[in-house]
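In: dropping a prediction and its sequence here:
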Amino acid sequence: MTDISRYIVDKILSDFLIEHSNMKKVVVIYPGRFQPYHAGHQYSYEYLVSKFGKNNVYIATSNITNSTNSPFSFKDKKDIMTKLFDIPSNKIVHVKNPYRPEEILKKFDSKNTAVITAVGEKDASRLGGNYYIPYKGNLNFGYLDKSYVEIVPQLQLKIKGKIISGIEVRNNFNRELFNVLYPKFDKSIFNMIKNRLSTIKSIDLIHEIYREDMPQIADGDIANIYNICKSNSIEFNKKNVNVNSLSPVQNDFIKNKTLNIINSIKNDEPFKPIIISNDNKIVDGNHRWLAYKILKLNTIPTYEINLSIDNALNLVKSISDTTEELHENVILEGGGYGHLAHPFEDMDLTFGDLKNMITTALQGKLELTQEKCIDGNSIIQLEKNGKITIKEVVDNKIEDKVLSYNIETGEYEFKNILDYANNGITSEWLEIELENGNRITVTPNHRIYVKNIGYIQAKDLTENMELITE
C-alpha cells in the first residue's frame with residue numbers, strides 16, 4: 001500500500017469514527033510492557049490500525065527495566081518496533097504508566113477527544129468500574145470522563161506445533177525462534193535481544209506458575225478434596241510441617257494480602273491450613289506460608305495430598321475456581337493479545353518489592369515497616385464509639401473496631417484495631433479535595449486505594465481517580 005493510499009484509508013476511518021460520535025478526535029491506546037515486542041503484539045496492533053486508522057493508534061510503554069522480567073528499555077522496544085515492523089516512531093510513546101498515558105492524552109482537548117484502551121479479553125475484565133466502558137461503535141465521552149475498551153484478537157505463536165513459552169525463549173533464544181517472532185532478520189536486533197534475555201535472573205525459590213493458574217480453595221472445598229482423594233485411594237492427611245521445608249509455587253504475591261494475614265495471625269484469628277504436595281510444594285496457601293516465614297514461626301498447619309505437585313494441582317483445580325490477575329511476562333504464553341498479563345503490574349507491589357520480600361523472608365531477615373501518616377485530625381468510623389478523630393483513638397488507645405474496606409470482597413466491614421502509633425511531626429502534607437467537598441490530609445507517600453487500580457501513593461493521585469475513602 002502506498003503512502004497516499006494509507007492516508008486515504010486513515011482519513012476514511014477517522015471520518016467514519018467522528019461521524020458516528022459526538023467527539024472530534026479519537027485516540028486509541030495500545031498499552032503494554034512489551035518484553036520484548038514481537039509478532040503477537042504486532043497482530044493486535046495491525047488489527048487496531050485496520051479498524052481505527054494508523055494516525056489514531058498509539059503504543060504506550062514505559063522505560064522500566066530490571067534484571068528479572070523486564071530487561072528491555074524503551075529504546076530497545078522502539079528499535080524493534082520501528083526496524084522490524086515499520087511502526088512510525090511518533091506513534092510509540094514513552095509513558096510512566098501505560099494504562100494512564102497522560103503523556104499522550106494531554107496533547108488533546110479532553111472535552112472533544114475520546115480514548116479507546118485496547119487490551120486482551122482477560123485484561124478487559126479488570127478494567128471495569130465507572131471509567132471503563134465497552135466500545136460499541138459510538139463515542140460520546142471525552143477521555144477524562146470515560147475510556148472505551150476495545151478487545152483485541154488473540155494470536156498464539158507456535159514452533160513445531162508447540163506454543164512458545166516465556167521460559168523457552170528466555171533459556172533457548174536462537175535464530176529459529178527469532179524467525180517465528182519477527183518478520184525479517186536483523187543481526188543487531190537479534191544480538192540485542194539475545195544479550196538482554198541473557199541478563200535475566202530468575203528467583204529459583206519460586207516456580208513459573210501465575211496466580212491465575214493456581215487453584216483458589218474455598219473452605220467448603222476441603223471436604224470435596226478429601227472425598228476425591230479417598231475415592232481414588234490417595235492419602236490426604238492433616239499435619240504440622242516445618243515452614244522452612246516448604247517451597248512456594250505461584251510467582252506473584254500481593255503485599256497487602258500478606259500483611260493482612262500477618263495481622264490476623266497476631267490477632268489469634270482462625271487460620272486455614274495450607275495444602276501441600278508430597279514433595280513439599282504449596283498447592284494452596286502461598287500467602288499464608290509467606291506470612292509464617294515473615295513471623296519466623298517454625299511449623300504451619302497443612303493438609304498433605306500424597307501426590308507430586310503437578311498431579312496435586314490438577315486434582316485440586318478440578319474442583320476449585322481460579323482467579324484472573326493482570327500480568328505480563330517476557331514473551332507470549334497461550335496468546336491473549338500478544339503478551340502475558342503480569343503479576344507485578346499491581347500498583348500495590350513492584351517486582352523489586354516482591355523479590356526483596358521473598359528472598360529476605362526466606363533468609364529470616366524481613367521486618368515490617370510502618371505505614372506512612374494520615375493527619376491525626378482525620379475522622380474515622382468506629383463500631384462502638386462512632387465518628388472520632390484518629391488522634392483521639394491513638395492518644396487514648398481506644399479498643400474498638402474501625403470501618404474498613406475489604407479489597408477482596410468489595411465490601412465495607414468493621415475490623416479490630418491492631419496497634420496504635422504516633423509517627424511524630426512531619427513538615428510535608430498533601431490535602432486531597434474530593435468531589436463531595438470533603439478533604440483528606442496525608443503525607444505524600446501515604447497509600448490510598450484507588451478503584452480499578454489498587455494502592456498508590458498520595459503524591460501519584462490525579463484528577464478523576466475514584467478513591468475508596470469511607
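Out: Yep, that arrived.
In: CA only for contacts and neighbour counts going forward, please
Out: Fine.
In: right, and residue 431 touches residue 438 too?
Out: No - contact criterion Cα atoms under 8 Å: residue 431 and residue 438 do not qualify, at 10.1 Å.
In: who has more neighbours, the two?
Out: Neighbours were counted for residue 431 and for residue 438 using other Cα atoms under 10 Å; residue 431 has more, 13 against 8.
In: and the more buried one, what pLDDT?
Out: In this model, residue 431 is scored at 80, pLDDT.
In: which helix or strand contains it?
Out: Per DSSP states H and E: residue 431 is located in strand 430-433.
In: and residue 108, by the same measure?
Out: Residue-wise, residue 108 maps onto no helix or strand under DSSP H and E.
In: gap between the closest residue in space to residue 238 that isn't next to it in sequence and residue 261?
Out: Leaving aside its sequence neighbours, residue 238 sits nearest to residue 303 (Cα to Cα, 6 or more residues apart in numbering; 4.4 Å). For residue 303, the distance to residue 261 equals 19 Å [Cα to Cα, to the nearest Å].
In: measure residue 437 to residue 277 for me?
Out: According to Cα to Cα, residue 437 and residue 277 sit 54 Å apart.
In: try residue 378
Out: Relative to residue 277, and taking Cα to Cα, residue 378 is found at 48 Å.
In: swap in residue 109?
Out: Remark: distance between residue 109 and residue 277 (Cα to Cα) = 57 Å.
In: looking at this, residue 51 is in a strand?
Out: No - per DSSP: H, G, I helix; E, B strand; the rest coil, residue 51 lies outside any strand segment and is helix.
In: count of neighbours near it?
Out: Using other Cα under 10 Å: residue 51 sits among 15 other residues.
In: distance-wise, check it relative to residue 118.
Out: Distance of residue 51 to residue 118, given as Cα to Cα: 12 Å.
In: between residue 378 and residue 277, which one's more packed in?
Out: Per other Cα under 10 Å, whichever of residue 378 and residue 277 has more neighbours is residue 277, with 23 against 15.
In: go ahead and confirm that one touches residue 284.
Out: No - applying Cα under 8 Å as the test, residue 277 and residue 284 come out as separate, 9.6 Å apart.
In: could you measure from residue 460 over to residue 103?
Out: Residue 460 is 15 Å from residue 103, by Cα to Cα.
In: then residue 314?
Out: 45 Å.
In: and the next helix or strand after the strand holding residue 431, what does it pack onto?
Out: Where DSSP H and E defines the elements, the next helix or strand beyond strand 430-433 is strand 439-442. The elements that strand 439-442 packs onto, with contact taken as 3 or more Cα pairs under 8 Å, 6 or more residues apart in numbering; DSSP states H and E, are strand 430-433.
In: quick one: buried residues of the strand it packs on?
Out: Neighbour counts over strand 430-433 (16 or more other Cα atoms under 10 Å) mark residue 430 as buried.
In: what's the answer for stretch 112-131, then?
Out: Quick answer for stretch 112-131 (16+ other Cα under 10 Å): 112-124, 127, 131.
In: end to end, how far does that stretch reach?
Out: Note: stretch 112-131 ends 17 Å apart using Cα to Cα.
In: same check, this time on stretch 269-278
Out: Counting by Cα to Cα, you get 28 Å between the two ends of stretch 269-278.
In: just stretch 412-430 next, same as before
Out: 25 Å.
In: what does stretch 174-190 give?
Out: End-to-end for stretch 174-190, by Cα to Cα: 9 Å.
In: enumerate the positions of that stretch that are buried.
Out: Buried positions in stretch 174-190, judged by neighbour count with 16+ other Cα under 10 Å: 178, 181, 182, 189, 190.
In: so which of the residues you listed are in helices?
Out: 178, 181, 189, 190 (DSSP state H).
In: hang on, the last one packs against residue 177?
Out: Looking back up the chat, that one is residue 190. No - the pair residue 190 and residue 177 fails to qualify as a contact (Cα under 8 Å) at a distance of 10.3 Å.
In: where does the stretch 51-200 of the chain have low pLDDT?
Out: 68-69, 125-126, 128-129, 165-167 (pLDDT under 70).
In: now the strands: where do they sit in it?
Out: 57-61, 92-94, 113-119, 132-134, 147-151, 158-159, 162-163 (DSSP state E, counting those that start in this stretch).
In: how close does residue 180 get to residue 432?
Out: From residue 180 to residue 432 the distance is 50 Å (Cα to Cα).
In: does residue 313 really touch residue 215, like I thought?
Out: Yes - under the criterion of Cα under 8 Å, residue 313 makes contact with residue 215 at 7.3 Å.
In: any shared contact partners between these two?
Out: Overlap of the contact sets of residue 313 and residue 215 (by Cα atoms under 8 Å, 6 or more residues apart in numbering) consists of residue 283.
In: what ranges in the stretch 351-470 of the chain fall below the confidence cut-off?
Out: Across the stretch 351-470 of the chain, the ranges flagged by pLDDT under 70 are 351-373, 407-410, 418-427, 452-455, 469-470.
In: so which residues of it form strands?
Out: Counting by DSSP E, counting those that start in this stretch, the strands of the stretch 351-470 of the chain are 379-382, 386-389, 401-406, 411-416, 430-433, 439-442, 447-450, 454-457.
In: residue 155: which of the ones you listed is closest?
Out: strand 454-457 (29.2 Å; Cα to Cα).
In: any idea how many residues pack against residue 47?
Out: 13.
In: circling back: overlap of the contact sets of residue 431 and residue 438?
Out: Counting by Cα under 8 Å, 6+ apart, nothing touches both residue 431 and residue 438.
In: returning to that earlier point: check the buried residues of stretch 174-190 and tell me the two furthest apart.
Out: 181 and 189 (12.1 Å).
In: which residues sit against the strand holding residue 431?
Out: With Cα under 8 Å, 6+ apart as the criterion, strand 430-433 contacts 439, 440, 441, 442, 443, 444, 458, 459.
In: check contacts around the closest residue to residue 147 other than its chain neighbours.
Out: Nearest non-adjacent residue to residue 147, counting by Cα to Cα, 6+ apart: residue 132, 4.9 Å away. Residues near residue 132 by Cα under 8 Å, 6+ apart: 146, 147, 148, 149.
In: touching, the last one and residue 119? I think so.
Out: Translated: residue 149. Yes - with contacts counted by Cα under 8 Å, residue 149 reaches residue 119, the gap being 7.3 Å.
In: number of nearby residues for the closest residue in space to residue 74 that isn't next to it in sequence?
Out: In this structure, residue 74 finds its nearest non-sequential neighbour in residue 63, 4.6 Å apart by Cα to Cα, 6+ apart. If you count neighbours by other Cα under 10 Å, residue 63 ends up with 17.
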